[in-house]
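Student: predicted model, plus sequence, below.
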Amino acid sequence: MSQPVIITVAITGALPKKKDNPAVPVTPAEQVESTHEAFEAGASLVHIHVRNPDESPGSDPELFGRVQEGVRKHCPGMIVQFSTGGRGRDQKQRGVMLQLKPDMASLATGSVNFPTQIYENPPDFVEALARTMLEHDIKPEIEVFDLAMLYNAANLVKKGLLKDPPHVQFVMGVPNAMPARRTIFDFLRSELKAILPKATWVAAGVGRSQWEVNQWCLEAGGHCRTGLEDNLKVTPDRLAASNAELVKKVADACEKFERTVATPAQARQILGLRAAA
Ligand code: MG
């Protein structure tokens, strides 16, 4: 049997609004509650964006701090990962909450087009974020939205800005970036194996490709990411009732692929993170 599956729940994201699915958690209290339900359903890692009161993407470290505190209190051992993503956020604001020392933070290692804008990550900015994460002992999750980002990650390892083995996420299905095609998924994995052989990996499928990519990951021995940030529906014609419902769908499928759901302690061990305080 292969390695237990770390299920990541991306609870909120930058874009989904309550009018699109009322289950999208927006306030810190809603985010903690939604994370707790997802934790009970099998998620061992939570990916966190915060929102301003008008639901626009937030940067306020106080909001991040409240969510982290609630997750640590109600979801023992769960891995906390902050997003350093850019939508609607000033570049200078994107790393300020790293002073709160979450277990992990996302790190996109290059620029790419998103549906209506450029996701801008110039080389010096990427290196500065990597350095801050290193200083605070935060493990990055390398977000690969396009092929070059994979080789950029390997270069960060060479420069000593990223510890080996890194954890890499392939993001597929974002309009204007990489489509969710099995041939690309297989190529990305074989390249990762060639250049960063000890790396752990997860893939995210956005929108309608979420479930398909989840199943590819279960089959290929990787980890899984789900949640309302990436996709609002549990089936093509029904909105998900909660983040937990999406997590449960992945957890329930594990048996078919001869996988087990990682506990938070197993997830920490797989990713080389310190045990929970
Ligand atoms: Mg995100």
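Tutor: Received it, and whenever you're ready, just let me know what you need.
Student: quick one: buried residues of stretch 68-82?
Tutor: Neighbour counts using 16 or more other C-beta atoms under 10 Å place 68, 70, 71, 72, 75, 77, 78, 79, 80, 81, 82 of stretch 68-82 among the buried residues. For every residue, glycine as well, the C-beta is placed using N, CA and C.
Student: what pLDDT does the closest residue to the fifth one other than its chain neighbours get?
Tutor: In other words, residue 75. Closest residue to residue 75 apart from its sequence neighbours, by C-beta to C-beta, 6 or more residues apart in numbering: residue 39 at 4.1 Å. With respect to pLDDT, residue 39 has a value of 98.
Student: again, but for the one 5 residues further on
Tutor: Among the per-residue scores, residue 44 shows a pLDDT of 98.
Student: so which of the buried residues of stretch 68-82 reach the ion?
Tutor: Residues of those in contact with the ion (C-beta under 5 Å from the ion): none.
Student: which ones among the residues you listed map onto strands?
Tutor: With DSSP state E as the criterion, strands contain 79, 80, 81, 82 from among the buried residues of stretch 68-82.
Student: the residue nearest to residue 75: helix or strand, and which one exactly?
Tutor: Counting by DSSP states H and E, the element that carries residue 39 is helix 28-41.
Student: does the next helix or strand after that helix come close to the ion?
Tutor: Next in sequence after helix 28-41, counting helices and strands by DSSP H and E, comes strand 45-48. No - using C-beta under 5 Å from the ion, strand 45-48 stays clear of the ion, with a minimum separation of 5.7 Å.
Student: same for the helix holding residue 39, what does it pack against?
Tutor: With contacts taken as 3 or more C-beta pairs under 8 Å, 6 or more residues apart in numbering; DSSP states H and E, helix 28-41 sits against strand 7-10, strand 45-48, helix 61-74, helix 243-253.
Student: ok and that helix relative to helix 243-253, angle-wise?
Tutor: Counting by axes from the mean of the first three to the mean of the last three C-alpha atoms, to 10 degrees, helix 28-41 lies at 10 degrees to helix 243-253.
Student: buried set for helix 28-41?
Tutor: Neighbour counts over helix 28-41 (16+ other C-beta under 10 Å) mark 28, 30, 31, 32, 33, 34, 35, 36, 37, 38, 39, 41 as buried.
Student: picking that back up, distance to residue 225 and pLDDT added to the ones in strands among the buried residues of stretch 68-82, as TSV?
Tutor: Below are those laid out as TSV (distance: C-beta to C-beta, whole Å; pLDDT from 0 to 100):
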residue	distance to residue 225	pLDDT
79	12	98
80	15	98
81	10	98
82	15	98
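Student: for these, which one is nearest residue 64?
Tutor: Of all these, residue 64 sits closest to residue 82, with 5.8 Å by C-beta to C-beta.
Student: so where's the protein shaky on pLDDT?
Tutor: The chain contains residues with pLDDT under 70 at 1, 88.
Student: hmm, 90 instead?
Tutor: 1-2, 86-93, 276-277 (pLDDT under 90).
Student: related to what we said a few turns ago, among the helices and strands packed on helix 28-41, which is nearest residue 173?
Tutor: Closest to residue 173 of the helices and strands packed on helix 28-41 is strand 7-10 (C-beta to C-beta; 13.3 Å).
Student: and that closest one, what does it pack against?
Tutor: helix 28-41, strand 45-48, strand 200-205, strand 223-226, helix 243-253.
Student: off-centre distance for the fourth one?
Tutor: Okay, so that is strand 223-226. From the chain centre to the centre of strand 223-226 is a distance of 8 Å (C-alpha atoms, centre = their mean, to the nearest Å).
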